[in-house]
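1. below are the sequence and a predicted model; questions follow.
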Amino acid sequence: SQKIEQNSEALNIQEGKTATLTCNYTNYSPAYLQWYRQDPGRGPVFLLLIRENEKEKRKERLKVTFDTTLKQSLFHITASQPADSATYLCALEVSGGYNKLIFGAGTRLAVHP
Amino acid sequence: NAGVTQTPKFRVLKTGQSMTLLCAQDMNHEYMYWYRQDPGMGLRLIHYSVGEGTTAKGEVPDGYNVSRLKKQNFLLGLESAAPSQTSVYFCASMRAGGGTDTQYFGPGTRLTVL
């Protein structure tokens, strides 16, 4: 069955540094991958989508890479700010259509002033 | 635009009791989903709907039923609650037409079954 792994340990970084989060998957070749942000007590909020034929996608301070050979996506936040502190979820589309997604457990990011 | 709303925000049930969670969206989306989120685990899909009057099973459908009588509403029912159903439940909706769109999530319902 499809499996997604995100680093379960929290990532602590200093303000201004680049945060890099990892998403690894097995037993599947998704057509696209999404990243969501989740704040405590709230629902996930969509950040970026990258397709299997795209190597890299950028949006402001965010960058996502997608390596279908390694079955891995990296999520970067440059010039990080304390307001970036949240849990970041990786999600893969599941076969069968209708944008069904399988989610990783998420990685908590803490950006310290 | 309220987006996706969920009712109630919190609920405590005793084992064996029943309840219905309501999800409403005002974006005229075709697709709607119910997920549960447990500590250390990713969101898991319970049931989903691709249009008014349709429902389908997701990854963890046992113990739950759903209905989509109106396009804007998606109801999740627990007929006989069990402690294993203690979780945070999220509803999401999406515009039909392909996988390049995003799912919009509600704020969640925290359910505790004693």
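-> Received the coordinates, thanks.
2. mind giving me the packing neighbours of the strand or helix carrying B:Ala92?
-> Per DSSP states H and E: B:Ala92 is located in strand B:87-94. Packing contacts for strand B:87-94, counted by 3 or more C-beta pairs under 8 Å, 6 or more residues apart in numbering or on different chains; DSSP states H and E, involve strand B:4-7, strand B:19-25, strand B:31-37, strand B:73-78, strand B:104-105, strand B:109-113. The C-beta positions use only the backbone N, C-alpha and C, and glycine is treated the same way.
3. right, and the ones you listed - which one's nearest A:Glu5?
-> For A:Glu5, the closest of the helices and strands packed on strand B:87-94 is strand B:31-37, at 16.9 Å, according to C-beta to C-beta.
4. tell me the strands beside the helix or strand following the closest one, with direction?
-> Next in sequence after strand B:31-37, counting helices and strands by DSSP H and E, comes strand B:44-49. In the sheet, strand B:44-49 lines up against strand B:31-37 (antiparallel), strand B:56-57 (antiparallel) (DSSP bridges).
5. stretch A:27-46 and chain B, any residue contact?
-> Yes. Counting by C-beta under 8 Å from any C-beta of the partner chain, contacts between stretch A:27-46 and chain B involve A:Ala31, A:Tyr32, A:Gln34, A:Gly41, A:Arg42, A:Gly43, A:Pro44, A:Val45, A:Phe46.
6. now for the residue nearest to A:Glu56 when sequence neighbours are not counted: which residues touch it?
-> Closest residue to A:Glu56 apart from its sequence neighbours, by C-beta to C-beta, 6 or more residues apart in numbering or on different chains: A:Thr65 at 5.1 Å. Listed by C-beta atoms under 8 Å, 6 or more residues apart in numbering or on different chains, the contact set of A:Thr65 reads A:Ile50, A:Lys55, A:Glu56, A:Ser73, A:Leu74, A:His76.
7. good, we can wrap up now.
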